[in-house]
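# Mind looking at a prediction? Sequence and model below.
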Amino acid sequence: MSLVTVTEVKAIGRIDYDTADTELQMLIDGAESFVEEHCCIKLSTTSVVDERVDGGNRQLWPRKLPITAVTEVKDAWNEDEAIDTSFYFFDETRIIADEEEEWDDGEQRFKVTYTAGYTAATAPNGLKSLIIGLTLMAYDNPQGLGRRGAKGFGVSFDQLAKDNNLIYQLDHFSLRRYVE
């Protein structure tokens, strides 16, 4: 994953020693996992091959977001016939049939091959800032965070985000509203 680096966190947090690098990386990983789950997005680029999605209206809704490229859409009910790319376009949340067109109806009817996820270069700066902020909050406040647990030293990033009024900011980057 790692949209942000230990070096970036240390620069913003004014941490000028190397003894905390391993701990910071674990906290970054925990913060990024939390953001990925909370916002329903992928923080690393991933290729998805033949994901089955339902038809029946103007949109197909792949599960991994944000969508960055669509390689192919096939009709699984019609001998995996490839759908002409002039029939559709996409945005970061869905694949949309052209005006006055509609995807044929059917549960799990289409196979979609696409790329999803952010990279360090494409992630919104505000999202990266939130991850850095969560990491530094967890690092600066070890009392009461139960740092002896596993993932992210047991830090409850959910509680940390709630306590510091970051949920609204995270919801701004959430693509969950499009798929729920």
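Now that the structure is in, tell me what you want to look at. Numbering: from 1, shown residues only.
# in this protein, which residue is closest to the centre?
residue 41 (1.9 Å; C-alpha atoms, centre = their mean).
# mind checking the SS state of the closest residue to residue 12 other than its chain neighbours?
Excluding its sequence neighbours, the residue lying closest to residue 12 (C-beta to C-beta, 6 or more residues apart in numbering) is residue 132, at 5.5 Å. To be clear about C-beta, it is placed using only N, CA and C from the backbone, and glycine gets the same treatment. Per DSSP: H, G, I helix; E, B strand; the rest coil, the local secondary structure of residue 132 is helix.
# Just to check, residue 132 is in contact with residue 4?
Yes: applying C-beta atoms under 8 Å, one finds residue 132 in contact with residue 4, separated by 5.4 Å.
# Could you list the domains of the chain?
6-42+120-175, 46-116 (automatic domain parsing).
# I'd like those as TSV, with mean pLDDT appended.
Putting those into TSV (pLDDT from 0 to 100) gives the following:
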stretch	mean pLDDT
domain 6-42+120-175	82
domain 46-116	95
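# which helix is the longest one in the chain?
The helix spanning the most residues in the chain, taking DSSP state H as the definition, is helix 21-39.
# Run the chain-centre distance for that helix.
Distance of helix 21-39 from the chain centroid (C-alpha atoms, centre = their mean, to the nearest Å) equals 13 Å.
# quick revisit: more neighbours: which of residue 132 and residue 4?
A count of neighbours by other C-beta atoms under 10 Å puts residue 4 above the other of residue 132 and residue 4, at 23 against 20.
# residues in contact with residue 47?
Contact analysis of residue 47 by C-beta atoms under 8 Å, 6 or more residues apart in numbering lists 113, 114, 115.
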